[in-house]
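K.L.:
Build me a model from this:
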Amino acid sequence: MKMVFLDAATMGDVSFAPLERLGSLLCYDSSTPEEALERVSDCDVLIVNKVRVTPELIDAARDLKLICETATGVNNIDIEYAAKKGIPVRNVAGYSTPTVAQATFMHILSLVGSAPYFDDAVKSGRYSASGMFTDVSVNWWELAGKTIGIIGMGNIGRKVAQIAEAFGMNVCYFSTSGTSHCKDYPSLPLEQLLAQADIVSVHAPLNERTDALIGEKELAMMKPSAYIVNMGRGGIVVEEALVKAVDEGVIAGAALDVYSVEPLPEDSCYLKARHPERFRFAPHVAWASEEARARLLGMVAENIAKGW
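P.N.:
Sure thing, here's the model as predicted:
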């Protein structure tokens with residue numbers, strides 16, 4: 001069995017041994033559309049992360065029997081055309097739940113605790129020169145007693161809720177699908193959640209219900225002291241509206257791990273924000289702890305071992 005991984009660099013330095021035990025594995029760090037067409041010609045199993053799997057690419061893989069997505073979302077794969085050709089598509093789910101939840105609170109704690117400011121106070125010498133044992137020039141606040149509003153109560157949303165409870169936070173949520181039946185926390189209409197929450201944490205997929213879900217009108221419903229954290233998909237929050245809201249003090253700040261275009265374009269509105277200190281940015285890494293990537297490849301190997 002020949003497996004071809006078209007964008008293996010997205011896995012970093014984790015071991016590919018679970019895949020190599022199954023057969024011949026050919027890895028490419030990245031692949032342009034033209035390169036991909038050449039590289040899949042005789043593969044049995046196609047493995048991708050973000051490479052677009054088009055009808056043209058599927059047709060070019062004349063021996064193709066299985067497509068494996070190294071992620072949960074499969075919007076980069078033409079699954080309808082694959083089904084028409086009788087080629088199964090298998091994704092992975094649940095591999096990054098603890099990792100994304102941890103990254104969520106990494107950003108939340110940085111925002112509410114003004115972590116970069118205090119870190120710089122020491123490293124810059126301001127603290128040494130202050131003549132005072134402490135620094136109370138910038139306020140920070142406790143999570144205990146505050147409300148976190150979770151948009152998307154799937155596995156990650158539930159884990160975030162559990163951690164929030166450990167901090168003594170009140171939890172509410174908005175179901176973007178309308179099908180969540182979580183009874184542990186109150187389910188609220190979006191407008192009510194936005195008005196009540198001190199932290200709005202987004203953990204939903206991008207689809208027709210969530211595209212541009214949070215725009216200028218919705219941001220204006222939030223408290224001026226509130227923060228929004230997006231660990232879901234970039235298109236859920238309207239980026240220009242968010243920058244405007246943060247710069248103008250409509251809300252206190254935001255943390256982003258995902259963007260509507262990735263990697264972030266050099267002319268992104270985020271990079272032009274007048275108050276960058278009110279933002280926390282990360283290059284879509286919330287999913288990618290060492291442990292999560294190892295789990296992911298193990299699950300891909302299991303998907304391949306099932307056959308077709």
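K.L.:
G73 contacts G232, correct?
P.N.:
No - when contacts are counted by Cβ atoms under 8 Å, G73 is not listed as touching G232 (10.4 Å). Any C-beta I mention is one placed from the backbone N, CA and C, and that applies to glycine too.
K.L.:
so S187 touches G178, yeah?
P.N.:
No - with contacts counted by Cβ under 8 Å, S187 stays clear of G178, the gap being 9.6 Å.
K.L.:
Mind checking which of these two has more residues around it?
P.N.:
Neighbour tally, S187 and G178, criterion other Cβ atoms under 10 Å: the higher count belongs to S187, 16 against 8.
K.L.:
Tell me who's in contact with that one.
P.N.:
By Cβ atoms under 8 Å, 6 or more residues apart in numbering, the residues touching S187 are 153, 172-175, 180.
K.L.:
bridging residues for it?
P.N.:
Beta-bridge partners for S187, by DSSP bridges, are Y173.
K.L.:
Now do it against G152, distance only.
P.N.:
Shown here: S187 relative to G152, a distance of 12 Å by Cβ to Cβ, to the nearest Å.
K.L.:
quick one: secondary structure of I47?
P.N.:
Here I47 is strand, with the state taken from DSSP: H, G, I helix; E, B strand; the rest coil.
K.L.:
right, and it touches T10 too?
P.N.:
No - using Cβ under 8 Å, I47 is not in contact with T10, being 10.6 Å away.
K.L.:
Tell me which of the two has more neighbours.
P.N.:
Here I47 and T10 are compared on neighbour count by other Cβ under 10 Å; more neighbours surround I47, at 26 against 18.
K.L.:
what's near enough to touch that one?
P.N.:
Contacts of I47 were listed using Cβ under 8 Å, 6+ apart, and they are 3-6, 8, 19, 68, 70, 300.
K.L.:
what's the burial count for the residue nearest to L296 when sequence neighbours are not counted?
P.N.:
Take L296 and drop its neighbours on the chain: the residue closest to it by Cβ to Cβ, 6 or more residues apart in numbering is Y95, 4.5 Å away. Other residues within reach of Y95 by the criterion other Cβ under 10 Å amount to 23.
K.L.:
which stretches of the stretch 201-308 of the chain aren't confidently modelled?
P.N.:
Applying pLDDT under 70 to the stretch 201-308 of the chain picks out no residues at all.
K.L.:
Please enumerate the strands of it.
P.N.:
Secondary structure of the stretch 201-308 of the chain by DSSP state E, counting those that start in this stretch: the strands cover 227-230, 253-256, 279-281.
K.L.:
Quick check: which of those strands is buried the most?
P.N.:
Among those, strand 227-230 has the highest mean neighbour count (mean count of other Cβ atoms under 10 Å), at a mean of 27.
K.L.:
so how far is that strand off the chain centroid?
P.N.:
The chain centre lies 12 Å from the centre of strand 227-230; the measure is Cα atoms, centre = their mean, to the nearest Å.
K.L.:
got it, and stretch 203-210?
P.N.:
The chain centroid and the centroid of stretch 203-210 are separated by 12 Å, computed with Cα atoms, centre = their mean.
K.L.:
Where do the strands of the stretch 1-150 of the chain begin and end?
P.N.:
Chain-ordered strands for the stretch 1-150 of the chain, with DSSP E, counting those that start in this stretch as the definition, fall at 2-5, 24-27, 45-48, 66-69, 89-90, 147-151.
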